[in-house]
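# 3D model of this:
(one chain, ligands or ions: 1)
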Amino acid sequence: MFITFEGPEGSGKSSQIALLSDFLRQQGFTVITTREPGGTLIGDQIRDVLHDVANTAMVPAAELLLYSASRAQLVGEVVRPALAAGQIVICDRFYDSTLAYQGYGRTLDLTELSHITQFATGGLKPDLTLLLDIEVERGLARRRDGGEEMNRLDLEVVSFHRRVRDGYHELALLEPERWVIVDADQPVTAVQAALRQIVLSRLRERVAATDREINE
Ligand code: TMP
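As a prediction, this is how the structure comes out:
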């Protein structure tokens, strides 16, 4: 099962992913966690270029293609082999980030983005996408207060981040069976409890569907 996490800056994805993966392992599942951009040696080098605040000259098309290159490498090297081995893959961001940030944020054409994304992933789609939703100013403040390193995109104006968040909501509406929106502006434990419930119920549904197939 392929699970992706999405959300605006400061939504707490990485801490929630760490807690969720530990929990699932305790339940006996084999889980690998990864992230975008990065997750491979090649992808991590691309990540450095993308996030370097000195790279102010980067044009939107180059940005898009670098994220896509990192994604193609991650899918080929990590995600597909793990899924083929029956593992649960949890990825911190995937192609929906491209649609939200480069599409809604940078206003690149969404249809073109979908084609490039399709090429990069070979058509691989998440089974479940969890949107950790938080109001833009709250998220940015959390990130600053958390002392986290600010990347090139964190430094964008607030209106950019608002378009990104609204974009996520539009994407979620288009595919309600894949997306679940979780309010990330709650204590860590409350967000985690909600995530565990959603993921366990999806896992049970999958087991039930497989059992039905076997018995047919
Ligand atoms: P993060 O690892 O802290 O979430 O940072 C990743 C940054 O890269 C974040 O600002 C979102 C941005 N991003 C894109 O703009 N497009 C993409 O396709 C991906 C994966 C990330």
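
# who's in contact with the closest residue to residue 161 other than its chain neighbours?
What sits nearest to residue 161 in space, not counting adjacent residues and going by CB to CB, 6 or more residues apart in numbering, is residue 136, at 4.6 Å. All C-beta spots, glycine's among them, are computed from the backbone N, C-alpha and C. Contact analysis of residue 136 by CB atoms under 8 Å, 6 or more residues apart in numbering lists 8, 9, 158, 161, 162, 165.

# now those as JSON lines including distance to the ligand, pLDDT and neighbour count?
Listed next are the contacts of residue 136 as JSON lines, based on distance: CB to the nearest ligand atom, whole Å; pLDDT from 0 to 100; neighbours: other CB atoms under 10 Å:
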{"residue": "8", "distance to the ligand": "9", "pLDDT": "93", "neighbour count": "26"}
{"residue": "9", "distance to the ligand": "6", "pLDDT": "89", "neighbour count": "22"}
{"residue": "158", "distance to the ligand": "14", "pLDDT": "93", "neighbour count": "10"}
{"residue": "161", "distance to the ligand": "9", "pLDDT": "96", "neighbour count": "21"}
{"residue": "162", "distance to the ligand": "14", "pLDDT": "97", "neighbour count": "16"}
{"residue": "165", "distance to the ligand": "12", "pLDDT": "97", "neighbour count": "21"}
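
# and which of these is nearest residue 197?
Nearest to residue 197, judged by CB to CB, of the contacts of residue 136 is residue 8 at 22.7 Å.

# for the closest one, helix, strand, or coil?
Look at residue 8: counting by DSSP: H, G, I helix; E, B strand; the rest coil, its state is coil.

# so it sits right up against residue 134, yeah?
Yes. Counting by CB atoms under 8 Å, residue 8 touches residue 134, with 6.1 Å between them.

# of the contacts of residue 136, just say which sits nearest to residue 83.
residue 8 (27.2 Å).

# give me the phi and psi for that closest one.
Here is the backbone geometry of residue 8 (degrees, to the nearest 10): phi -70, psi 180.

# pretty sure residue 75 contacts residue 123?
No. The criterion here is CB under 8 Å, and residue 75 misses it with residue 123 at 9.9 Å.

# the more surrounded of the two?
When neighbours are counted by other CB atoms under 10 Å, residue 75 comes out ahead of the other of residue 75 and residue 123, with 23 against 9.

# can you pull the contacts of the residue nearest to the spatial centre of the chain?
The chain has residue 93 as the residue nearest its centroid, 1.9 Å off, counting by CA atoms, centre = their mean. For residue 93, the contact set (CB under 8 Å, 6+ apart) comprises 4, 5, 6, 13, 35, 36, 37.
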